[in-house]
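Enquirer: could you look at this predicted model? Sequence included:
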Number of protein chains: 2
Amino acid sequence: MFAQTPEPPYYAVIFTNQRTPGDAGYADMADRMVALAQQQPGFLGVESVRGADGLGITVSYWRSEEAIAAWKANAEHSQARQQGRGDWYAGFQLRVARVERAYGMNFQGTQ
Amino acid sequence: MFAQTPEPPYYAVIFTNQRTPGDAGYADMADRMVALAQQQPGFLGVESVRGADGLGITVSYWRSEEAIAAWKANAEHSQARQQGRGDWYAGFQLRVARVERAYGMNFQGTQ
């Protein structure tokens, strides 16, 4: 599913991560974090994919750096990140970026 | 596989895309485009994941906007993009973003 983002500028958090084997509560946590993020001020959308080898990329989009900082400070999100470091992820890279240009196309009438 | 990017700032091209069913030469083209991108001045790395539903996210990292523009103008890349619009993708979103902050962790000695 594509995120329906507004005209730039806005911000992207690019979270590339490698899952450990097994679920261990991961799917429930991930669903909960998306639901929680959607309630945050300044949340614009999210795109998330995981491959068969356990590598995942989740890109969340935000109105401002302040919105990202508030989401990072969220208590439930902080606790999930802490557990993620021990249980769910073998490693990750997180990048915060300012989206400057964007365009898209839809060739088949669905999006 | 995580891209081994330098300290920010640098640029990210976030390409979210939905594949059409079937391969139709896609895998060969995708391999060729990665090999070609790696030869471009200013290319820093790429992270790419595709899910079972055909949704994919590829993030390529570049030294500058100029490097991205030169890659966009590459003749073989241009031809692949044109074919992609008709054959390989049901739709896509492309965002160009300036990476401002980045950090990562590796919990299991591999990356």
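Expert: Sure, I can see it.
Enquirer: CA atoms for contacts and neighbours, from now on please.
Expert: Will do.
Enquirer: hmm, stretch A:65-81 touching chain B?
Expert: No: Stretch A:65-81 lies apart from chain B when judged by C-alpha under 8 Å from any C-alpha of the partner chain; the minimum separation is 10.5 Å.
Enquirer: not counting that stretch itself, show me its contacts.
Expert: Counting contacts by C-alpha atoms under 8 Å, 6 or more residues apart in numbering or on different chains, the residues outside stretch A:65-81 that touch it are A:11, A:29, A:33, A:37, A:40-43, A:62.
Enquirer: list only buried entries from those residues.
Expert: The neighbour-count criterion (16 or more other C-alpha atoms under 10 Å in any protein chain shown) marks A:11, A:37, A:42-43, A:62 among those as buried.
Enquirer: residues of the longest helix anywhere in chain A that come out buried?
Expert: With DSSP state H applied, the helix covering the greatest number of residues in chain A is identified as helix A:26-38. Of the residues in helix A:26-38, those with enough neighbours to count as buried (16+ other C-alpha under 10 Å) are A:26, A:37.
Enquirer: now check that helix, is it near chain B?
Expert: No: if you take C-alpha under 8 Å from any C-alpha as the test, helix A:26-38 misses chain B, and the best it gets is 15.1 Å.
Enquirer: low-confidence regions, chain A specifically.
Expert: With pLDDT under 70 as the threshold, chain A has low-confidence stretches at A:108-111.
Enquirer: returning to what we had before: and the buried ones among the contacts of stretch A:65-81, which two are the farthest apart?
Expert: Spatially, the most separated pair among the buried ones among the contacts of stretch A:65-81 is A:11 and A:37, at 14.3 Å (C-alpha to C-alpha).
Enquirer: follow-up on the earlier one: other SSEs contacting the helix or strand just after the longest helix of chain A?
Expert: Remark: after helix A:26-38, the chain's next helix or strand is strand A:43-50, criterion DSSP states H and E. Contacting strand A:43-50 under the criterion 3 or more C-alpha pairs under 8 Å, 6 or more residues apart in numbering or on different chains; DSSP states H and E are the following elements: helix A:26-38, strand A:55-62, strand B:43-50, strand B:55-62.
Enquirer: could you rerun that using 10 Å?
Expert: Where contact means 3 or more C-alpha pairs under 10 Å, 6 or more residues apart in numbering or on different chains; DSSP states H and E, strand A:43-50 is packed against strand A:10-19, helix A:26-38, strand A:55-62, helix A:65-73, strand B:10-19, strand B:43-50, strand B:55-62.
Enquirer: note down every partner strand of that strand and its orientation.
Expert: Each strand pairing with strand A:43-50, determined using DSSP bridges, is listed with its direction: strand A:55-62 (antiparallel).
Enquirer: quick one: secondary structure of residue A:2?
Expert: Three-state assignment for residue A:2 (DSSP: H, G, I helix; E, B strand; the rest coil): coil.
Enquirer: next, it: phi, psi?
Expert: Main-chain torsions, residue A:2, degrees, to the nearest 10: phi -90, psi 140.
Enquirer: on that earlier part again, pick out the most distant pair among the contacts of stretch A:65-81.
Expert: Among those, the pair separated by the greatest distance (C-alpha to C-alpha) is A:11 and A:29, at 23.5 Å.
Enquirer: pretty sure residue A:3 is touching residue A:58, no?
Expert: No: distance between residue A:3 and residue A:58: 11.3 Å, which falls outside the contact criterion (C-alpha atoms under 10 Å).
Enquirer: good, wrapping up.
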